[in-house]
Structure formats: C-alpha cells, structure tokens
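1. Take a look and give me a structure for this.
(2 chains)
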2 protein chains.
Amino acid sequence: MKKFSLLFSAVLLCAQVKAQDSLAIRKMYDEALVNGQCYDNLRYLCKNIGQRISGSANAQKAVDWSKKLMDGYGFDKVYLQEVMVPHWVRGAKEEAAIIDGKTRIPVPIVALGMSIATPKEGITANVIEVKSIKELEGLGENVVKGKIVFFNRAFDPRFIETGMAYGTAGDQRFMGPAVAAKLGAAGVIVRSLTEIIDDYPHTGATLAAPGSKMIPAAAISTKAANKLSTMLKLRKFPAAKFYFKQNCELLPDVKSYNVIGEITGSENPNKFIIVGGHLDSWDLAEGAHDDGTGVMQSVEVLRIFKAVGYKPKNSVRAVFFMNEENGHKGGSKYAELAAQNKEQHIAAIETDEGGFTPRGFSFADVSKDFIKKVNDNFKSILEPYDVDKLTIGGAGTDIEPMKETLPGVVLIGFRPDSQRYFDLHHTAKDVFENVNKRELELGAAGMAAFIYLIDQHGL
Amino acid sequence: MKKFSLLFSAVLLCAQVKAQDSLAIRKMYDEALVNGQCYDNLRYLCKNIGQRISGSANAQKAVDWSKKLMDGYGFDKVYLQEVMVPHWVRGAKEEAAIIDGKTRIPVPIVALGMSIATPKEGITANVIEVKSIKELEGLGENVVKGKIVFFNRAFDPRFIETGMAYGTAGDQRFMGPAVAAKLGAAGVIVRSLTEIIDDYPHTGATLAAPGSKMIPAAAISTKAANKLSTMLKLRKFPAAKFYFKQNCELLPDVKSYNVIGEITGSENPNKFIIVGGHLDSWDLAEGAHDDGTGVMQSVEVLRIFKAVGYKPKNSVRAVFFMNEENGHKGGSKYAELAAQNKEQHIAAIETDEGGFTPRGFSFADVSKDFIKKVNDNFKSILEPYDVDKLTIGGAGTDIEPMKETLPGVVLIGFRPDSQRYFDLHHTAKDVFENVNKRELELGAAGMAAFIYLIDQHGL
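-> Numbering: from 1, shown residues only, chains lettered A, B, ... in the order given. Model (predicted):
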C-alpha cells in the first residue's frame, strides 16, 4: 500500500513537473512570437553595421554595439573577452575572371578567404578540371605544374540535409588549393559550394598546408563552373585558358573580442549552459543568416528568460564568438579561458546553420543510450513546437574546442531546416531580406525552451 | 518450437519488407532530387501561363497545357472532367482606396473574390472598426447602417502553425461582409489575412449570405489597416472617412475542367489513391505556392513512379482540381463522378499549403487508434526524410466532398512548413521566384513515398 502510494505520488509529481514545464515553455514562445526583438536587432546589425569580417572596423563596431545591446537588457554580467584574430582583406580593386577561349567570357569570381593575391596583371593559364583531391594527386606534378586547377565536384542533391552535401564537397575549397600548391599549380578555382545554379560565387576560408607556399585561390559561380566545364569538353583539354585577378591580403593580426552576456545561476553560479553564434561574417554581404541570426537568437534567449521572469538555476550565457569564418580564434579563446577559470560547463548550444524554421537539436559524440534518454525526457514536451528532432550529429565549430578543455560538457547544434542555407551561404545574397521573422523567432524560442529544460532537469 | 520458428519467420519477413520499402523510397527521392521536373514545370505554369482564375482564358490555357504535360508522360489514362465554374473578374480599371481624414492617404486595396463592384464613383463613408463578427452584431443596424465596416482582428502570432492563425482570423473575410450587409453597411474592408506587416493586400473569396444582397468588400494591407486604426483612435470615432472603388463583376458560369492523370493499378484497377491540388489561382500573381506547387508535385508523383519503374497495385491518380479558390466546383464534381462510377477510393492526399519543406501528413476525422497505427507502421521509415509528422488534422477543401460521396476514403493533407505561406498567400508576391527548388522536390518525393506505402500496406 505504501509502495503503491509512493508510486502514485511519484507519478503525480511527474505530471505536475510536466505541466509546469509546459506552461513555462508556452510563456517563452509567446514572448518570442508576440514581443520578439531578435528580428529588429538583426535588422540593425545587418543594415546599420553590415559586413563584419574579423579584424575590420565593422567587426569592432559590431562588438561595441553588441555589448551596448546586452548592457541595455540588464543582464547580470556583460563583458568582452579579448582575442587576437587574423585580418584578411579582399582589397579595394575589382576581382575579375575570364574564360579565355575563342571568345572571352567574363565570369563572376571571388577570392577565397585567407588566399593570397594574384600578381597585379592576374594569372592566365591552361585549366585542369578535376572532381576530387585524389584525382588531382593522381595527375602528379608534371601535369599540374603551371596550370590553374579547377575543382568542379558538384553538391550531391540526394542528401536530405544540405549540410551533408556541404560536408562532402567542402574539401575542394578547404584543402584543394593547398594540395594544388604542393603540385606546383599556378592557381586554383573552385566550383561554389552550393546546389543552386546561379551567378553568385560563394567565398569561404581555404587552409594553407603547413610550411608550404600558398597560391591564389578563388570560387566561381556554379553557372560559370558549368560553362567552363562544357568549354573544356568541347575544345578538348587543355585548350581553354582561364584568367583571374584578385587583390586580397593577409595583414597583421588585430585585437578583437568575444561578447558575452550572462544571467547568473540562482543555485549554481559556477555551472554554465551557453548558447552562441558568431559575430564576424564574410565581407560580401550582411552576414544575415551566417551568422547574424545566430547571435541575435542567442541574446534573445536571455532576454526571453528575463521577460518571463525565469531565473535559471545555473548560469546561462549568450556568447558572440569572434572569427568563426577564418580562424576560429574566438571559440578557442572561450574554451581556454573557461577552463582557466574553472567554470563547469553543462552544455553548449551553437546556432550557426541559419535562422530558418527549427527542427531540433543534434548532440556531438554521445551514445545511443544518451540520445534515447534525451528523447525520453524532452521529446514529447518539444513536439507541439516542432522542434523535437533530437539526434546524434554535429554541434558546431565555435564550441568544438570546449571538448578538449572542458571535459563533460555536452555539445549541441541547433538544427533549423537546411534547404535554403547554401543558396545564400557566403554570398552577396546573405542579407536581412532573406530572413523570415517568424522562422527566426521560433528558433530563439526553441533554444530558450531547450535551455530551460536542461537547466531544470539536466542532461 | 514451431511457434517460435513461425514468429521468427514473421520477424524476418517484416525486416525484408522494411528493407524493400526503404530501397524503393530512397530510389524515389533520388529521382525527385536528381532528375526532378516539377520545378521546371512550375516555371512554365507560372511564367508562360501565369494567373489562372476560374473561368478565365488563362485557366483554359492551364487546362490544355496540363493535359498535354500528362499525355507527354505517357500515363495510362489522361482525361478532362467537365465542370461549370463561376467566372468572377476584377475588371480592368484600377482599384483605389483613400483614408480620408485631414489629409487624404491612398492605401493599397484589392476587391475580395466574388464581391460586387462599388458604384462608379466609389463609396465614401464613415468607418466602424470591429475585431469580430460578434462585436459587429452587438452594434446593431442603427450604428452600422450606411457605414464602411472595417474588420481589423490581426493574426494571432502565438500559433506555431500559421494555418491555425488563418483559420481563426478567416471568418472576418469569409463571413464578415455578409453579416455587415444584413446590418445595412455600405461596404466592408478587411485587414489582410497575414501576420506580416507590409503593403500587399491579400484577396480571397467572401461568401454571400443566402437570399441576402451583397455589398462591396475588399482587403487592405496590414500596414494600411494599422494606419487606419491609429487614425480612428486619434481622431475619435467616427470622424475618419474611407473611400474605395472597385470594378469587379460576376459573369455567367463557364465550362471548365479538372485534369486527371492515372497509372492504373496492376492488382486493383478500381481502387484508387489520389493526390491533387488546384489548378486555378487568384488573379493577382502567378499562383506559384497557391497552388502551382501542389499540382506540379501531384503530377511529379506519377512521373517518379514511372521513372523508377514502380507499378502500383492500386490505381494512382494525379488530380488537378479546378475552382478551389471561389466555388470548389472541381472538388465537388470529382467526388460526385467518383461515386457515380463506383470507384473505390482508399485515400486522397491534397497538397495546397505551399511548396515548402515537408513535415508530414495530417489525417481528417480519424481516431487516436488509427493515427497510432499509422505512426507504428510508417513513421520510422519516413523519419530519415523528415516527413514523419503524422497527425490528426485537416485535409483540404478539394477532397472534402469525398467524405460524403465515398464512405471509407481516408482524407489526408500534405503538411509542409507553414511559416512563409501567409506572407505570400493571395497576393501579388505569389510568384515562381519565391519557390525553392529543393523544398518543392522534397514535397513531391515525400508524397510519392507515402503513396507507395499506402499502396503496399494499406492504411
């Protein structure tokens, strides 16, 4: 009888907790959808500041404004975290490219981030088209030397999540130029990392091979890539030449900052749940989806907590990381200092996949048992909000270094709908107008709800 | 022992069936994503035909082209189903509206579908703002007579699915003008049915009260509604006047058609699973999401089946319904003829919520046990494609009449992400450029997969 009544009490308590959680989460969604401020904040960041590549004056403006924004919300702590970042600049002069066959066809091009410039007169050379680094390596130095290597493996459209297509095509941009440099290529052009066929080239960082010299590397639009590939086929290899010119430069490192806002935990002030995105962006547009939406959602989570009067047990931080795009210095610095300060991190959520309708969260390096428990505990309460896909998967570049420095932290990626992200990613199209207000707000609310659940019940 | 081995065989068989299903569905997705034709077909419908309101020359063009398209795909049967439809026209002259206070402020306006024209000189009258039909009825004839009634209840942003906000605000447009007419109002203006605050008015059908005279009714943009409401508050009720003028007209009914393509079932030719959307659109744009995407996805389902060599056991039809927007005549006709021809319908799927990323399917008028069974049978196989939300809910206007004429049919609504639909719905913005290729294709593939599962395993 006693056992029965204990069981009954437990069931009743459990139901009460569920009901409380449901009410709290509903309140947070209402706040986000009725009084949401992340859309207006994003408009300011995009339209009044704009592009904010690491080391730029605009990046500093964004830091100053972000701190002011957080100060205005009256969080318990707002501070900057100093970090040295690379200062790569595209240069003021126009970038240009020409497919140089029987006729000369200008095509859209952008230098890859961290690349070096061409000589002033540009580079003109025969083109070798390859579909993979392996294929390039198979050709060897004799064939590659003095040529422009053209990486042209397209996105695989069969992946349901476009991030997988990016992941499997991305080595061409990340590593391709370094491999081509070792083989003596004169330069590299990469097919833009996107499925959409249009005239917008997509920039993004490329990595130097340690100890090896760099060669100029750029991305051409998918339309240009298709055109060049067709011409190479028609005119027989290697008759068509390619010309490109870029003026980019890596200047000395610059002092910059992560921007951090915190609501201090009422029970465990030295235990942390953080949510963050990156404040820097590429230089071609406003960095709206990449990652203006992420930072503005992160601060909105804290604003929602204050607005609904939720006082978390653990400290909750919004972190605007600096330099995700070309160096990851902000993420590394945060992880380093958190360890140094002996801050115990329970979980870190990164939002850097665009401000699209949320679908759920993915957990890095967890077991099947762990993800089952997370689903058992939280799925049903998140289901009415359509943010209940809780899976094993990637988390994010900025929080990745915490894995090393803060053992025990659970790294979580916010997962919005992925279909439109790579249409805009790293292009001149990544502007405020391509962000939908409700989609953005639902993401902020979803993260607030999930952090609330972690704060209340642990992971 | 025998029992055990039987059980074992059953488990093995079940696993084999699952594996076969998985392979078949993966093939269908690959076909949709690699060789998909619905995006190009939609471009043609939008750009080469354009708006296709019932009874118009363009609607007939759309019928002719759709039949040709289906003929080209070599389906087993392609035919038209004659149906008389209303022929409402907006009229060639410009529509205009002015908030007539101390200054005269022109605002964007569109006549509601099926409304009557104003007198040639327009209507000018004092305005009564109400938030609901009930509030209007409370005011009574003495107050309302001769006035322009302004329905201004906004979308409720707290709903996660925007269709719910449409459903709960929609009575103002559907029924509001008829109620105002009974109370002697001179005309009606309705706040556009959307959450977004912009300058685009949203049209849509309004219903006449049986036996009652109609009065001119129109929609103004949300920005105009906010402005008018503010002015009414500032200037004290009812000083601000409103002027509007429209030239619409209901002409005699016109002969039109549903367009139907069929793959005849290999085992049960007289049992049917159908998928459909509506071919007609409003007249303000291209009817891209409403419902060009739906019809082009429907025919794509059959094309995918043929392309991958899937021969359904039951007959599968793509149905392009005519006249969903202002009469539902095509849907009624289909239901009537199907019953008359004694065609047994297993299930009908309607796709009329835009061509956005799919989330799942909703089932009308089914029990909790039924939906549990559907989830048990199909959820896990749909999960990798993120189209696994299988819920009780609405199905769609065009298939609704089948409930009466075809007992036993399961009515199913295709449910894409709902966040952006009502930004565009019934406006000049509903154009091809606002459709994303992958989102559209994933919807077609999801419906092909689901119809395959129903065809193989029943419901």
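2. so who does the closest residue to chain B within the stretch 151-300 of chain A touch?
-> Going by C-beta to the nearest C-beta, chain B is nearest to A:P157 of the stretch 151-300 of chain A, at 4.4 Å. (Each C-beta comes from the backbone N, C-alpha and C, glycine too.) Contacts for A:P157 (C-beta atoms under 8 Å, 6 or more residues apart in numbering or on different chains) come out as A:A165, A:E195, B:L33, B:V34, B:R438.
3. Check it and give its pLDDT.
-> As predicted, A:P157 sits at a pLDDT of 98.
4. Now it. Nearest residue, chain neighbours left out?
-> Distances taken as C-beta to C-beta, 6 or more residues apart in numbering or on different chains put B:L33 closest to A:P157, at 4.4 Å, once the chain neighbours are dropped.
5. Quick check, that neighbour in contact with B:K437.
-> No - counting by C-beta atoms under 8 Å, B:K437 is not a contact partner of B:L33; they are 9.5 Å apart.
6. Which secondary structure state is assigned to A:I349?
-> Assigned with DSSP: H, G, I helix; E, B strand; the rest coil, A:I349 falls in the strand class.
7. isn't it right up against A:I412?
-> Yes - counting by C-beta under 8 Å, A:I412 is a contact partner of A:I349 at 4.6 Å.
8. residues shared between the contacts of these two?
-> Counting by C-beta under 8 Å, 6+ apart, the shared contacts of A:I349 and A:I412 are A:F361, A:F450.
9. So for those two, which sits in the more crowded spot?
-> Using other C-beta atoms under 10 Å in any protein chain shown as the criterion, A:I349 and A:I412 rank with A:I412 on top: 30 against 26.
10. Show me what the host helix or strand of that one packs onto, helices and strands only.
-> Using DSSP states H and E, A:I412 sits in strand A:410-416. Under the contact criterion of 3 or more C-beta pairs under 8 Å, 6 or more residues apart in numbering or on different chains; DSSP states H and E, strand A:410-416 touches strand A:344-350, strand A:358-363, helix A:437-457.
11. Flag every residue of the stretch 1-150 of chain A that's near chain B.
-> Residues of the stretch 1-150 of chain A found near chain B (C-beta under 8 Å from any C-beta of the partner chain) are A:Y29, A:D30, A:L33, A:V34.
12. Let's test this: mean pLDDT of whichever strand or helix holds the third one, rounded?
-> I take that to be A:L33. Taking DSSP H and E as the criterion, A:L33 maps to helix A:2-35. When pLDDT is averaged along helix A:2-35, the result is 83.
13. can you check stretch A:407-422 too?
-> Rounded mean pLDDT across stretch A:407-422 is 97.
14. Quick check: end-to-end length of it?
-> The first residue of stretch A:407-422 is 33 Å away from its last residue (C-alpha to C-alpha, to the nearest Å).
15. for stretch A:307-319, same thing?
-> 19 Å.
16. Show me what the helix or strand bottoming out on mean pLDDT in chain A is packed against.
-> None of the helices or strands of chain A scores lower by mean pLDDT, DSSP states H and E than helix A:2-35, at a mean of 83. Judged by 3+ C-beta pairs under 8 Å, 6+ apart, helix A:2-35 is in contact with helix A:293-308, helix A:368-382, helix A:437-457.
17. now the second one: mean pLDDT?
-> In this model, helix A:368-382 has an average pLDDT of 97.
18. what's the helix or strand following that helix packed up against?
-> Where DSSP H and E defines the elements, the next helix or strand beyond helix A:368-382 is strand A:389-392. In terms of contacts (3+ C-beta pairs under 8 Å, 6+ apart), strand A:389-392 is packed against strand A:358-363, helix A:368-382.
19. max-length strand in chain A?
-> Ranked by residue count, the top strand of chain A under DSSP state E comes out as strand A:249-263.
20. out of the contacts of A:P157, who's nearest A:A395?
-> Nearest to A:A395 among the contacts of A:P157, counting by C-beta to C-beta, is A:A165 at 18.9 Å.
21. Now that that closest one has come up, it's in contact with A:R153, right?
-> No - counting by C-beta under 8 Å, A:A165 stays clear of A:R153, with 10.6 Å between them.
22. The residue most central in space within chain A in helix, strand or coil?
-> Residue closest to the average C-alpha location in chain A (C-alpha atoms, centre = their mean): A:D352, at 3.7 Å. The three-state label given to A:D352 by three-state DSSP is coil.
23. In contact with A:D76: list those residues for me.
-> With contact set as C-beta under 8 Å, 6+ apart, A:D76 has these partners: A:E262, A:I263, A:T264.
24. Just the buried residues of the helix holding A:L33, please?
-> Neighbour counts over helix A:2-35 (16 or more other C-beta atoms under 10 Å in any protein chain shown) mark A:D21, A:A24, A:I25, A:R26, A:K27, A:M28, A:Y29, A:D30, A:E31, A:A32, A:L33 as buried.
25. can you check stretch A:312-327 too?
-> A:312, A:314-327.
26. and if you look at stretch A:192-212?
-> A:192-196, A:200-206, A:208.
27. Please apply the same query to stretch A:127-135.
-> A:V127, A:I128, A:E129, A:V130, A:I133.
28. give me the element the closest residue to the third one other than its chain neighbours is part of.
-> Across the structure, with C-beta to C-beta, 6+ apart as the measure, the residue nearest A:E129 apart from its sequence neighbours is A:F150 (4.5 Å). A:F150 is part of strand A:148-151, with elements assigned from DSSP H and E.
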